[in-house]
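1. with the input below, show me the fold.
(chains A and B)
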Number of protein chains: 2
Amino acid sequence: MEEQLTEPFFEREKGILIVISGPSCAGKGSVCKIICRKNPDLRLSISETTRQPRNSEKHGREYFYISKESFEERIKQGQYLEYATVYENYYGTPKDYVENLLESGFDVILEIDIQGAAKVRTNYKEGIYIFIVPPSMQELRRRIEERGTESKEQMEMRLNCAYEEMKNADDYSYIVINDDLDDAAQRVQSIITAEKCRTERLKNKIEDILGR
Amino acid sequence: MEEQLTEPFFEREKGILIVISGPSCAGKGSVCKIICRKNPDLRLSISETTRQPRNSEKHGREYFYISKESFEERIKQGQYLEYATVYENYYGTPKDYVENLLESGFDVILEIDIQGAAKVRTNYKEGIYIFIVPPSMQELRRRIEERGTESKEQMEMRLNCAYEEMKNADDYSYIVINDDLDDAAQRVQSIITAEKCRTERLKNKIEDILGR
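-> Numbers count the residues shown, from 1 in each chain, chains lettered A, B, ... in the order given. Down below sits the predicted model:
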């Protein structure tokens, strides 16, 4: 990883994988953007895809663009924390990319839909699973309507879908109610800070202090 | 509780009991002072004692001063989260006082020694147990020497005692390394914020959003 080479050499604790999910329009993308901007030890995970890059997109920024053959080979090798097919294209979270960042001491944020998060959970139990929800269904409706790019039927479908998706909250360790974007981002940041203080993560540090 | 009467009437979530402990001179008192000053939803627990108030002390501020008879009666009734005897005086954490604050929606901080924390844990498993430690034994020695009120032998004893006390870290959910007082206080605050986002504490909220 280039990250490893450009960082000064000192021993860092392994990073934490933070999986951010929630119903659509809950605002998980915006929350992730804010905390990544504020926290230099955080990296947003980048997915691999077999779809063609669009005009402004750059390999290694929006996605890693790879061939269908490579993707299928990597599926066979178990190289994805999760993957899915959308309109005949593969999208997946590369295990080695995430693992290398974590080993280099970066915390990695994975912003992902509920099905994807469920798959990651089976492959990476040590992750922190955070569910972002709207403060009310009325507010969610308002946000969906505000987008205004969909027909009334599509909006109703999206709202019903979000309602059903809300029922997955129990699968997550934390719930962040996105009533105010900055507050919600601050709460996610607090969760990361708190998780770094967990006793099981600081056992070595205590041994160091005790000089054993 | 007077707190209940002076607060405006609205339904609040039950507060969280935060137990702060650690070896002596780790700085737990200073950490507690900072977060209580910054966080209006936080109350520092006040103990009951049978010792006489000193000149500047005030009933209900430093301690609740009660008679030996009352204290022993309340022990029998199981009214203490923990209690101990020091120089023939009782000191105890009153269960009803803490419970009333929690029920009114305040988070309650209990700054307490390691033996006391262990007793509270048997009576109140839902608490958050945070262990404050110095960044190194050298720094702890420096802090103990800086106080300068003790003989060399007493200081050595205190240092050895703190070393042994450090070994209790495993009994706590979180460890906060007090390398910088403000950072340490910020980390404790993050732990409280994160704990309030725990799924098990927000189940009712999700039910509300889903309108069930």
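
2. what about residue A:145, which helix or strand?
-> Residue A:145 is located in helix A:137-147, with elements delineated by DSSP states H and E.

3. which neighbouring elements make contact with that helix?
-> Of the remaining helices and strands, those touching helix A:137-147 by 3 or more Cβ pairs under 8 Å, 6 or more residues apart in numbering or on different chains; DSSP states H and E are helix A:152-166. Backbone N, C-alpha and C define where each C-beta goes, glycine included.

4. distance from the helix it packs on to the middle of the chain?
-> In this view, helix A:152-166 has its centroid 22 Å away from the chain centroid, taken as Cα atoms, centre = their mean, to the nearest Å.

5. what angle do the helix holding residue A:145 and helix A:152-166 make?
-> What separates the directions of helix A:137-147 and helix A:152-166 is an angle of 140 degrees, with axes from the mean of the first three to the mean of the last three Cα atoms, to 10 degrees.

6. which residues does helix A:137-147 contact?
-> Counting by Cβ atoms under 8 Å, 6 or more residues apart in numbering or on different chains, the neighbours of helix A:137-147 from elsewhere in the structure are A:23, A:25-27, A:134, A:150, A:155, A:158-159, A:162-163, B:209-211.

7. and it, what's buried?
-> With burial defined by 16 or more other Cβ atoms under 10 Å in any protein chain shown, the residues of helix A:137-147 counted as buried are A:137, A:140, A:141, A:143, A:144.

8. looking at the residues you listed, spot the one nearest residue A:177.
-> Set against residue A:177, the nearest of these by Cβ to Cβ is residue A:140 (11.6 Å).

9. per-residue pLDDT of that closest one, please?
-> We note a pLDDT of 89 for residue A:140 in this prediction.

10. on that earlier part again, closest one of the contacts of helix A:137-147 to residue B:112?
-> Checking the contacts of helix A:137-147 against residue B:112 by Cβ to Cβ gives residue B:209 as the nearest, at 37.0 Å.

11. give the contact list for the closest one.
-> Under the contact definition (Cβ under 8 Å, 6+ apart), the residues listed for residue B:209 are A:133, A:134, A:135, A:136, A:137, A:166.

12. one more pass at 7 Å, please.
-> Going by Cβ atoms under 7 Å, 6 or more residues apart in numbering or on different chains, residue B:209 touches A:133, A:136, A:137, A:166.

13. that one is in what secondary structure piece?
-> With DSSP H and E as the test, residue B:209 turns up in helix B:199-210.

14. just the buried positions in that helix, please.
-> For helix B:199-210, a neighbour-count test (16+ other Cβ under 10 Å) marks B:199, B:201, B:202, B:205, B:206, B:209 as buried.

15. which pair in these has the greatest spatial separation?
-> Between any two of these (Cβ to Cβ), the greatest distance is 14.6 Å, for B:201 and B:209.

16. coming back round to it: redo the contacts of helix A:137-147 as TSV? Include distance to residue A:64.
-> Shown next, in TSV, are those (distance: Cβ to Cβ, whole Å):
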residue	distance to residue A:64
A:23	27
A:25	27
A:26	26
A:27	26
A:134	32
A:150	30
A:155	33
A:158	29
A:159	33
A:162	29
A:163	34
B:209	36
B:210	38
B:211	42
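
17. which of those scores worst on pLDDT?
-> residue A:150 (77).

18. surely residue A:84 is in a helix?
-> No. Counting by DSSP: H, G, I helix; E, B strand; the rest coil, residue A:84 is not part of a helix but strand.

19. could you identify the helix or strand that succeeds the worst-scoring helix or strand of chain A on mean pLDDT?
-> Among the helices and strands of chain A, helix A:2-6 carries the lowest confidence by mean pLDDT, DSSP states H and E, at a mean of 45. As assigned by DSSP H and E, the chain's next helix or strand after helix A:2-6 is strand A:17-21.

20. can you give me the buried ones in the helix or strand that that following strand is followed by?
-> Sequence-wise, the next helix or strand beyond strand A:17-21 is helix A:28-38, with elements assigned using DSSP H and E. Burial within helix A:28-38, assessed by neighbour count using 16+ other Cβ under 10 Å, is assigned to A:28, A:31, A:32, A:34, A:35, A:36.
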